[in-house]
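Enquirer: Okay, here's the prediction I keep looking at, along with the sequence it came from:
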Amino acid sequence: MFRRSAWREELNRLTDPKKIGLNDPSSVSSCFILHQRFQPSHGFWNVISQDVKLRGNLTNSTCKQSLATSFYGDQLQLMKKERDNLRRCSVIFAKLQENDQPKENGWNAYGYYNHKTEEGLSRQFSYNQGPDSSVNLQDHLLEKLKAVHLHLLASERWNTPQLKLCHRNYLVSAINLTHYLALQCLDVSHHLQEDLASVGLLSLEYINSHILASITACIQLLDNLVSEDLRRNENAYSMHTSDHIASQDTENMGDFSISSIRKRIASHVGALFGLAQDKRNVHIMVTVGREAVSNEMMVTDLLRAGANIVRINCAHDDSSVWSEIIRIVRHSSQMLEKPCRILMDLGGSKLRTGNLKLDPNLIRISPKKNAMGELLPSQFWLCCEGSSPPAHLSPDAILYIDHKFFNKLKVGSVLQFVDVRGKKRTIKLILKSSIFAYSGYMVESLRTVYVGVGTEFYMKDKNTRHLIGRVVKMPALEPFIRVNVGNLLTICRDSCLSVDNVGAATFFSTRIACSSDHLFDSVKPGEPIAFDDGKIWGEIRKTNPSEITVLITHADPKGSKLGPGKSINIPKSEAQFKGLTSKDLVDLEFVAANADMVGISFIRDVHDMVIIQHELKKRKLNKLGVILKIETRDAFEKLPLLLLQAMQSSNPFGVMIARGDLMVECGWDKMADIQEHILSLCNAAHVPVIWATQVLDSLVKFGLPTRAEITDVACAMRASCIMLNKGEHIVEAVSALASILSSHSAKSMKTMSNPLFQSMHPSE
């Protein structure tokens, strides 16, 4: 970035007390911010001198470098160290111009504090315990906070060109994000938090949404706590001229008071998700698919239970199904007088398994076992074409029978038939419905049956069998392949594969297609590959232009099902994907006309965000909500840049923590830290967050939550919205989640809205 000789030469000049106007030559600590702003690496260089002499001369031979983790851009820190105690008193912020010649362009010193005597400094920064140790700690903490305050202003001033690009709706939020990143890069948060707690102040983690105002309030409070005799020996806290400029710039950019920022956060959430319902602080989002088309009451029940956002995934179904879902949602919302917004996720460049063709004339129906190991009979619905089972029933399958079938049947009748494998089977009629639209019979079987079009049902009367009717049609079923550990799975480019070997032990083929050619151009033997959000893992063994052979290394002990449209992740590959696909652009037209929000799947960098903003601007969609789905390592590492870029347009926007793909990409062991970082970063940027993936998953699928899922909901309450995926018990899950959220909201406020002080700072 610049030559060492250049910055060393200028450091020698800046650390000369006479040249910067310091009376005390032993208290120099300088911080130099480079001309690069936010770095994707999330790191900074920390250059510490171990031997800065009293006159301020830098010994070049003792300067060393070390890399430290941060959430801010590159930064050089030069600190004077005397004996074993680092005494930081004066802080100088400076930047290097584009031209790498400090003598020609000079350095800008943003500010410093001066103190009169070495004796005062020794007393001020002493860590020795004594009768006045609490005063020393308060005084020391006060000076730390003053230095932090100055650092925040300097970082804001340095990033002014970037901040001026932000839309006025997000300018204050962008500045607070800059303060947050600057605070993170100081690497003093742990010790500072301990010091704050020791004098009765809350931890820094609670001030992310209003950092500058909270630090300023803290300084004012501590200044009042410092004893009068110590303050008489010090100069009053003052700023350099450039600090006043930074403060004036901040004031001109907006109101940074805590109460104003709280209102701003609520405004951002309301603009994206609408008003919260039932005195809840958190919104509830539910994923809805084609099942809603055949069961309109399900959507009504979801809204009545507490859902106020419906999510539609454009990676599945088509515009005809989406239109019908939206019609049902709008109708139910109007009927119940409960507002409900619609989010449509674009499919993005996500790798997915391709289609599988299943014989439409064949179906396999098997009984299941309960938790006690007892066999539960399978149940399927027999009806005429045009009819369907009542909404409260959930049969394993639906078979359409010719009309004469219904003339001679009653509940309790036993039917006989021969399935497509030649096996003799019997079924028993257990329920009858006479309502015209739902007329039919529920039957049950304790044996696995394979039924096809043309299968004939008989009723036995003494020694005679009477033909009752035959199967004339069956609904299409979702096909799948079953894989076990040690199996070889072949992925090919073909757009569609047919199921073969019907009735064999494997029943389905072990070949599957991929919907994208990127997979075949990117992977190498030895790399890991994951399917269905990490439920199945494998290792790539062989590759060629048309096929990839995968050895399955992790699956369910009884075998895992892998169907069409399931995710494929290649976390170690260097594949390059584009942000929006051609299908996304087509789907965006539908989203613009029918939805309230659009979800951007698999966004990876700022370039993807720029393309999205261009497409929205071209269509004049400045009010359409935008959801950035963070589901890749790249997106997580570049999240500060993505947020700042999103703030350049007026669209309401939020962030979804898509924990499924994100866990596969980054590893399960890092997932807890990653979701915490995203929450903190978005809190600082005043950006609404959606907590997604497997929330109350056991409750949704099986009707009973686990203890871990309840505590996961407790963590999710810090987000603005919680998303549930579809399942058999989704209505019960929404009702339970709404009850938990309402109970929590009645007792406490969200963490991000907590006051700065435990007992000293009155609520505003």
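Expert: Perfect, I can see it now. As the structure is a prediction and not an experimental result, all values here were calculated from the model. Residues are numbered from 1 along each chain as shown.

Enquirer: Domain-wise, how is the protein divided?
Expert: Here the domain parsing of the chain from automatic domain parsing is 4-256, 282-349+577-751, 359-472, 479-569.

Enquirer: and these as JSON lines, adding mean neighbour count, mean pLDDT and distance to Ser267?
Expert: For glycine as for every other residue, the C-beta is placed from the backbone atoms N, C-alpha and C. JSON lines is the format used below for the domains of the chain (neighbours: other CB atoms under 10 Å; pLDDT from 0 to 100; distance: least, CB to CB, whole Å):
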{"stretch": "domain 4-256", "mean neighbour count": "18", "mean pLDDT": "54", "distance to Ser267": "9"}
{"stretch": "domain 282-349+577-751", "mean neighbour count": "19", "mean pLDDT": "91", "distance to Ser267": "9"}
{"stretch": "domain 359-472", "mean neighbour count": "15", "mean pLDDT": "82", "distance to Ser267": "39"}
{"stretch": "domain 479-569", "mean neighbour count": "17", "mean pLDDT": "79", "distance to Ser267": "34"}
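
Enquirer: Nearest to Ile265, out of the ones you listed?
Expert: For these, distance to Ile265 was read as CB to CB. The smallest value, 4.9 Å, belongs to domain 282-349+577-751.

Enquirer: right, and the domains of the chain - which one's nearest Gly270?
Expert: Of all the domains of the chain, domain 282-349+577-751 comes closest under CB to CB, at 8.9 Å.

Enquirer: Asp587 contacts Gly347, correct?
Expert: Yes. Using CB atoms under 8 Å, Asp587 and Gly347 qualify as a contacting pair, with a distance of 7.2 Å.

Enquirer: now the domains of the chain as JSON lines including distance to Ala271?
Expert: Formatted as JSON lines, these follow (distance: least, CB to CB, whole Å):
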{"stretch": "domain 4-256", "distance to Ala271": "9"}
{"stretch": "domain 282-349+577-751", "distance to Ala271": "4"}
{"stretch": "domain 359-472", "distance to Ala271": "35"}
{"stretch": "domain 479-569", "distance to Ala271": "31"}
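
Enquirer: tell me, what's touching Asp587 and Gly347 both at once?
Expert: Residues touching both Asp587 and Gly347 by CB atoms under 8 Å, 6 or more residues apart in numbering: Cys314.

Enquirer: Tell me the gap between the strand or helix carrying Phe520 and the middle of its chain.
Expert: Remark: Phe520 resides in helix 518-522, with elements defined by DSSP states H and E. Computed by CA atoms, centre = their mean, to the nearest Å, the chain-centroid distance of helix 518-522 equals 26 Å.

Enquirer: What lies in contact with it?
Expert: Here helix 518-522 makes contact (CB under 8 Å, 6+ apart) with 349, 351, 491, 493, 514, 543, 545-546, 548, 568, 570, 573-577.

Enquirer: And those residues, which is closest to Val418?
Expert: Among those, and counting by CB to CB, the member closest to Val418 is Ile491, at 37.9 Å.

Enquirer: related to what we said a few turns ago, check which element follows the helix holding Phe520 along the chain.
Expert: Moving toward the C-terminus from helix 518-522, the first helix or strand encountered (DSSP H and E) is strand 528-531.

Enquirer: helices or strands next to that next one in the packing?
Expert: Using 3 or more CB pairs under 8 Å, 6 or more residues apart in numbering; DSSP states H and E, the elements in contact with strand 528-531 are strand 536-543, strand 567-569.

Enquirer: mind checking which of those strands is nearest Leu643?
Expert: Closest of those to Leu643 is strand 567-569, at 24.3 Å (criterion: CB to CB).

Enquirer: by contact count, what packs against that closest one?
Expert: Where contact means 3+ CB pairs under 8 Å, 6+ apart, strand 567-569 is packed against strand 351-352, strand 528-531, helix 659-666.

Enquirer: Tell me which residues are up against stretch 601-609.
Expert: With CB under 8 Å, 6+ apart as the criterion, stretch 601-609 contacts 40, 315, 345-350, 577-580, 600, 612, 628-632, 634-635, 638, 641-642, 645-646, 661.

Enquirer: switch to 7 Å and redo it
Expert: The contact list for stretch 601-609 (CB atoms under 7 Å, 6 or more residues apart in numbering) reads 345-350, 577, 579, 628-629, 631-632, 634-635, 638, 641-642, 645-646.

Enquirer: Just to be sure, which of those are found in helices?
Expert: Within those, residues falling in helices by DSSP state H are Asp634, Ala635, Leu641, Leu642, Gln645, Ala646.

Enquirer: wait, which of those residues is closest to Leu393?
Expert: For these, the minimum distance to Leu393 (CB to CB) is 42.5 Å, reached by Ala635.

Enquirer: For Glu324, give me its contacts.
Expert: Val293.

Enquirer: Number the chain from 793, please
Expert: That works, and once the first residue is 793, the last one we named lands at Glu1116.

Enquirer: what's it sitting at in phi/psi?
Expert: phi -70, psi -40 (degrees, to the nearest 10).

Enquirer: From Ile1219, how far out is it?
Expert: 33 Å (CB to CB, to the nearest Å).
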